[in-house]
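[1] the sequence and its predicted three-dimensional model are supplied below.
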Amino acid sequence: MTGPEPNKANAPHRYPLRVYFEDTDAGGMAYHARYLHWAERARTESLRAIDLPHQFMMERHNALLVVRRVEVEYWRPARLDESVVVETSVLRVTGAQVVLGQVVCAADGGADRLAGLKVGLVCVGRDSLKPVPLPEPWRSVLKGLVVPG
């Protein structure tokens with residue numbers, strides 16, 4: 001397994017979703033922690049989209065990616081029944097680490113950004129939970145998806 005050819009334009013992976021009642025507070029606005037849930041799902045789906053899901057890494061290399069650090073900035077709340085998209089881009093790949101940029105935005109295609117996340121992941125051994133190098137082909141495929149600049 002080698003994964004697909006990296007996207008030459010390095011376009012972000014797009015994960016669409018809708019804001020449900022369970023996602024909101026009493027005012028009908030998305031609860032701030034929900035953005036972390038949505039970002040996690042989007043990261044999982046972005047790995048599936050390149051044919052390199054977490055499950056393969058765990059089964060074949062006894063390793064997994066875990067969140068080491070998250071920075072979130074909120075610009076405006078998502079609202080009940082709103083369609084949004086989480087865009088995920090690879091910013092940096094080093095030995096055992098991957099840094100992703102994620103933007104939650106309105107799904108109507110406009111430039112209406114709701115929140116931005118910078119997520120640091122580290123590859124760890126499944127049993128030891130200590131950092132290990134990113135296995136191939138994850139390392140080379142993710143490096144090929146790094147957004148320039």
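    Received it, and whenever you're ready, just let me know what you need.

[2] span of stretch 138-149 from start to end?
    One end of stretch 138-149 to the other measures 21 Å (Cα to Cα, to the nearest Å).

[3] could you do stretch 12-27 as well?
    Terminal residues of stretch 12-27 lie 31 Å apart, using Cα to Cα.

[4] name the residues of that stretch that are buried.
    Burial within stretch 12-27, assessed by neighbour count using 16 or more other Cβ atoms under 10 Å, is assigned to P12, H13, Y15, L17, V19, D23, T24. To be clear about C-beta, it is placed using only N, CA and C from the backbone, and glycine gets the same treatment.

[5] following the one helix or strand the third one maps to, which helix or strand comes up?
    Taking DSSP states H and E as the definition, Y15 sits inside strand 13-18. On the C-terminal side of strand 13-18, the closest following helix or strand by DSSP H and E is helix 34-49.

[6] who's in contact with the residue nearest to Q102 when sequence neighbours are not counted?
    Take Q102 and drop its neighbours on the chain: the residue closest to it by Cβ to Cβ, 6 or more residues apart in numbering is L117, 4.2 Å away. Taking Cβ atoms under 8 Å, 6 or more residues apart in numbering, we find L117 in contact with Y35, L36, A39, V70, E71, V72, E73, L100, G101, Q102, V103, V104.
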